[in-house]
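**Student:** Just need the structure, nothing else, for what follows:
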Amino acid sequence: MTEPQIQTDMQFLAGRLAHRGANTENERTAAQYIRDRLRAYCPDAALDDFYSPDNPWYLFASYYAEFAAVALVAHWWPRLALCYGAIVFLAYLAEFMGFRVMGRFVPQYETQNVVARILSERPSRMFVIMAHYDSGKASPLSRARVAPWMRTAQVVTVLCMVAVLASCAVQALNVLDKDQVVYNMLLRWGGVAYLLVAAGALSYREGMSEYIRGANDNASGVAALLRLAGQLSDDPISGVDVHFVATGSNQTWMNGARHFIKSHMFDRDTTYFLNLDNVGAGGLVYTTAAGILHMTRCSKEMREAARSVAEPFDAKPHALRTACSDVLIPLARGLKAMEITALVPDAAPLDGLRVRDTLRVRDTLREVDQATVHRAAAFAEAVLRRLAPDTGE
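**Tutor:** Down below sits the predicted model:
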């Protein structure tokens, strides 16, 4: 495969298709294209259909708003409010980590992953290369100037929930004097006010957002995955089964990655997940850790392999602060995983926006550098060959 093929793939995914929104017909069309492309290298490439909940943002907003009801109940029955609030809080944490609680009751829509395999005769390891192919939405909250504050906002959100629960517990114990009761009420309703603002911001984000073409996020990752499939088909890695997984519904809380891992059994000692995401512009990086509330360390073996081959690609280590990357799913389940992505530094304005803003708001083909996609695929291949049992570790 040559760079013109990268251009062809990206032109179809982010040019001919206006968007690839999760759970839409355009997403299905993109999946069929990726399946047909993979069949050139892996004859058993197929669509893996499943059902995905719609719109997690409204669901999270409803959890935040529920604490207003907790505060109201606490005015009359603080113990009941404490129990009720604790249930809501634990359900929210479970939902945030991907375990469906109330999410199982929201509308479900059919979607799909694309799965292909290159099998070895005597495999001793398995490599899973992932890249999500659906595109997201852009809103004022998705701009680069907002992104650095998202982790802080999420931490404050959790602290406000805890503050409301603590206020209910103190009131239930009835240990406060008159002045302290006032401060306790201010703490409780201050936390509720922040949570209501957060709920409004999420609702605003969804209501004001519109689908983008997703050239960098993540047609670039899919193009790199397809190139890597061609390379490994022509020159297989001995002793390794390789799975290529283009995941759908990443933007609805990474449901494609969740479905794939839930529907397969993986040996934690011999399976390695490599995620390709946003590799169309900027400098290449490999993740040393990923997460938002809690940073989970990426596989030590994979980090060392990446470090040992990084110099020719000018790839740097990076701790990825994100709440919506497919790499988080295998990491959360104790599997070996790492992501290759690219970072775009602030640069000169482009059409009134900085480069990073432009990528996130419009994310069109002209902001993507095909050479970066090519380097990302080559770097990924070098990492995998370094991890292979016949090349040493």
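**Student:** Give me the distance between the two termini of stretch 122-136.
**Tutor:** Start and end residues of stretch 122-136 are separated by 40 Å (Cα to Cα, to the nearest Å).
**Student:** Now do that stretch, average pLDDT.
**Tutor:** The average pLDDT within stretch 122-136 is 95.
**Student:** list the contacts for the most centrally placed residue in the chain?
**Tutor:** Closest to where the C-alpha atoms of the chain average out (Cα atoms, centre = their mean) is Ser325, at 1.9 Å. Under the criterion of Cβ atoms under 8 Å, 6 or more residues apart in numbering, the neighbours of Ser325 are Met254, Asn275, Asp277, Ala290, Glu339. Quick note: C-beta positions are derived from backbone N, CA and C, even for glycine.
**Student:** For the second one, list the residues it contacts.
**Tutor:** The reference is to Asn275. Contacts of Asn275 (Cβ under 8 Å, 6+ apart): Ile129, Met130, Ala131, Gly221, Ser325, Asp326, Val327, Ala337, Met338, Glu339, Ile340.
**Student:** quick one: the fourth one and Leu274 touch, right?
**Tutor:** No - with contact defined as Cβ atoms under 8 Å, Gly221 and Leu274 do not form a contacting pair (10.8 Å).
**Student:** Those two: who's more crowded?
**Tutor:** Between Gly221 and Leu274, Gly221 has the larger neighbour count (other Cβ atoms under 10 Å), namely 33 against 27.
**Student:** element containing that one, please.
**Tutor:** Assigned by DSSP states H and E, Gly221 belongs to helix 221-234.
**Student:** Now do the buried residues in that helix.
**Tutor:** The neighbour-count check on helix 221-234 (16 or more other Cβ atoms under 10 Å) flags 221-233 as buried.
**Student:** Return the distance of the following helix or strand past it from the chain's centre.
**Tutor:** As assigned by DSSP H and E, the chain's next helix or strand after helix 221-234 is strand 240-247. In terms of Cα atoms, centre = their mean, to the nearest Å, the centre of strand 240-247 is found 18 Å from the chain centre.
**Student:** Over to stretch 259-277?
**Tutor:** Distance of stretch 259-277 from the chain centroid (Cα atoms, centre = their mean) equals 15 Å.
**Student:** how close does the nearest residue to Arg303 once chain neighbours are set aside sit to Ala319?
**Tutor:** Nearest residue to Arg303 in three dimensions, chain neighbours excluded: Thr288, at 5.7 Å (Cβ to Cβ, 6 or more residues apart in numbering). For Thr288, the distance to Ala319 equals 5 Å [Cβ to Cβ, to the nearest Å].
**Student:** name the element Gln32 belongs to?
**Tutor:** Assessed by DSSP H and E, Gln32 sits inside helix 25-38.
**Student:** All the helices of this protein, residue numbers only.
**Tutor:** 3-11, 25-38, 56-76, 78-96, 150-173, 178-208, 221-234, 255-262, 300-309, 328-332, 355-361, 370-387 (DSSP state H).
**Student:** Buried residues in the longest one, which are they?
**Tutor:** Okay, so that is helix 178-208. Quick answer for helix 178-208 (16+ other Cβ under 10 Å): 184-185, 187-188, 191-192, 194-196, 198-199, 201-203, 205-206.
**Student:** out of the contacts of Asn275, which is most surrounded?
**Tutor:** Highest count within those by other Cβ under 10 Å belongs to Gly221, 33 neighbours.
**Student:** what stretches of the stretch 251-393 of the chain score poorly on pLDDT?
**Tutor:** 345-362, 390-393 (pLDDT under 70).
**Student:** make that the stretch 1-150 of the chain, sorry
**Tutor:** Using pLDDT under 70, the stretch 1-150 of the chain drops low at 1-2, 140-148.
**Student:** how about the strand of greatest length in the chain: buried residues?
**Tutor:** Ordering each strand of the chain by length in residues (DSSP state E) puts strand 108-118 first. Using 16+ other Cβ under 10 Å as the test for burial, strand 108-118 gives Tyr109, Thr111, Gln112, Asn113, Val114, Val115, Ala116, Arg117, Ile118.
**Student:** Same check on stretch 91-100?
**Tutor:** In stretch 91-100, counting by 16+ other Cβ under 10 Å, buried: Ala91, Tyr92, Glu95, Phe96, Gly98.
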